[in-house]
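Enquirer: 3D, please:
(chains A and B)
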Amino acid sequence: MLPQAALRRTLPTLARRALSSAAPAESGSMTLNFNLPHETIYSEAPVSQVIVPGAAGEYGITADHVPIVAELKPGILQIMHEGADPEKYFVAGGFSITHDNSVTDISCPEAVKIDDIDPAAVSSNYEAAKTAFSSAEAGSVAAAEAQIDIEVNRAMGAAIGISLS
Amino acid sequence: VRLSPLLFLWPSKKKRTMTTPTTFWRLAGMSYVQFVTRASSTVRAALKEPAKSKAMAQETFSYNSSKWVDGVQGDKVAVDTLGKAGL
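Expert: Below you'll find the model as predicted:
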């Protein structure tokens, strides 16, 4: 029963995979839609590469990337434009969906420029979060929130070049 | 009669707690939305002015509560917490 069901699922998938090795795209650029709930940062913008902080690992997307859905972790999102320096945002989380046609949709609840992050605030918030975590009951929502603060502040510290431990 | 050693390795039928690996926030009872909202809040708290004031606007919220009687909405009253509105 189980192997038959699995085989029924894999056959269409294999067929789809065989069909999706299409010819390379004409232009070398991919299309980026980068949205926050309160702001559209990029809408159908042609960019050469986007480096995405996936929760399972960082990866780069260029034209013709295989379709992929990834949850984002708090980290740096880099957008490479043709012949310019990479544009960096620190994202708090969200999702990146790359479609068949070199279009990538990235939705984040909050994304900030790295230059807008205050190193003093990051350090003091990190210390406060560590204190809150040690005084919170293990497994409680307060402990989880403190742990979120610890991890996000550590990621922000890494983004601006201060190491927190 | 020699008993097979496998008999002692057979999984016990006693009730188990969740052993599926998952995130610390799920184990604490938070949903993804609650997790990512908290992470966004943490990012906003570490910004420099003027970006910080602009970003904090995303966090401010208020509640109004009104009672409906016979299909007619009553007056709206500002409410501090959902608990005070009876929810």
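Enquirer: contact residues of chain A facing chain B?
Expert: A:37-38, A:74, A:90, A:92-94, A:109-110, A:112-113, A:116-118, A:121-122, A:125, A:139-141, A:143-145, A:147-149, A:152-153, A:156 (Cβ under 8 Å from any Cβ of the partner chain). Backbone N, C-alpha and C define where each C-beta goes, glycine included.
Enquirer: quick one: buried ones out of the residues you listed?
Expert: A:74, A:90, A:92-94, A:109-110, A:112, A:116-118, A:121-122, A:125, A:143-145, A:147-149, A:152-153, A:156 (16 or more other Cβ atoms under 10 Å in any protein chain shown).
Enquirer: quick one: name the residues of chain B near chain A.
Expert: B:24-25, B:27-30, B:35-40, B:42-48, B:51-52, B:55, B:58.
Enquirer: of the residues you listed, which belong to helices?
Expert: Counting by DSSP state H, the residues of chain B next to chain A place B:24-25, B:27, B:35-40, B:42-45, B:51-52, B:55 in helices.
Enquirer: who touches residue 37 in this structure?
Expert: Assuming you mean chain A. A:P109, B:Q58 (Cβ atoms under 8 Å, 6 or more residues apart in numbering or on different chains).
Enquirer: meant chain B, my bad for not saying
Expert: A:P109.
Enquirer: one more: the one 10 residues further on?
Expert: Taking Cβ under 8 Å, 6+ apart as the definition of contact, the neighbours of B:L47 are A:V112, A:D116, A:I117, A:D118, A:A121, B:A55.
Enquirer: my guess is the third one contacts A:A92, does it?
Expert: No. Using Cβ atoms under 8 Å, A:I117 and A:A92 do not qualify as a contacting pair, with a distance of 11.8 Å.
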